[in-house]
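Undergrad: Build the 3D model from these lines:
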Amino acid sequence: MNEKITPKNTSPRPAMTMLNQPSPQFELETLGGQPVAPAVYSAHPATVLNFVAPNCGYCKRQLPEVERVREAFEQRGVRFVNVMQTMKQTFTTEQIMEVLANVGSRSEVALDDGNKVGAMFKATSFPSLYVLDARGQIREVVSGAKANIRDTLTRRLEDLLDSESTVPAAAPPQGG
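TA: Sure, this is the predicted structure:
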């Protein structure tokens, strides 16, 4: 018996190719009216964009874990935004808010009409989470549900905040 075994697809998920890349250019607005765009990243030492769908079971399991990290890092200036995606069915804003309330997520919410921004980030599976630094560089990508999301996200944010605090400030211009 001479069966040919086809290796499992070991190529990275498309989202993983975004690691260490600059953020795509986009503009969204949270339900609270706040802008979400590369132009406002500098207002925060880090921004976490979590691409999720209301009817995604994996997302619902991940959201409470991300919420615990948000509670620990929001007071340090880190911004957390759930970027809502459509997966097979559309939801009203009220339905989305009910799903988020049921899982205890209190992060800001932005609606990505037609998953256009998700496509820019190559978020082809949900959840897809991105950590961006103040310069808009994607410093962490977590694609798919991960049991260790809380540890991974905490570690990455700690490293990022520590490295940001050790970067010397730009010298004031020398005037004459």
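Undergrad: any idea of the mean pLDDT for stretch 121-141?
TA: Stretch 121-141 shows a mean pLDDT of 95.
Undergrad: which parts of it are buried?
TA: By 16 or more other Cβ atoms under 10 Å, the buried positions in stretch 121-141 come out as 121-123, 125-134, 136, 138-141. The way it works is simple: take the backbone N, C-alpha and C, and place the C-beta from them, glycine included.
Undergrad: and the residue nearest the centre of the chain, bridged to which residues?
TA: Centroid-nearest residue in the chain: L49, 2.4 Å away (criterion: Cα atoms, centre = their mean). Legend: beta-bridge partners of L49 under DSSP bridges are V81, Y130.
Undergrad: tell me the contacts of it?
TA: V36, V81, V83, F121, L129, Y130, L132 (Cβ atoms under 8 Å, 6 or more residues apart in numbering).
Undergrad: Check Q25 too.
TA: Taking Cβ under 8 Å, 6+ apart as the test, what Q25 contacts is A37, P38.
Undergrad: Where does it sit: helix, strand or coil?
TA: Here Q25 is recorded as coil under DSSP: H, G, I helix; E, B strand; the rest coil.
Undergrad: which phi and psi does it have?
TA: Note on Q25: its backbone torsions stand at phi -80, psi 120 [degrees, to the nearest 10].
Undergrad: sorry, back to before: format the contacts of L49 as JSON lines; extra columns: distance to Q25.
TA: Output for the contacts of L49, formatted as JSON lines (distance: Cβ to Cβ, whole Å):
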{"residue": "V36", "distance to Q25": "12"}
{"residue": "V81", "distance to Q25": "16"}
{"residue": "V83", "distance to Q25": "15"}
{"residue": "F121", "distance to Q25": "11"}
{"residue": "L129", "distance to Q25": "20"}
{"residue": "Y130", "distance to Q25": "15"}
{"residue": "L132", "distance to Q25": "13"}
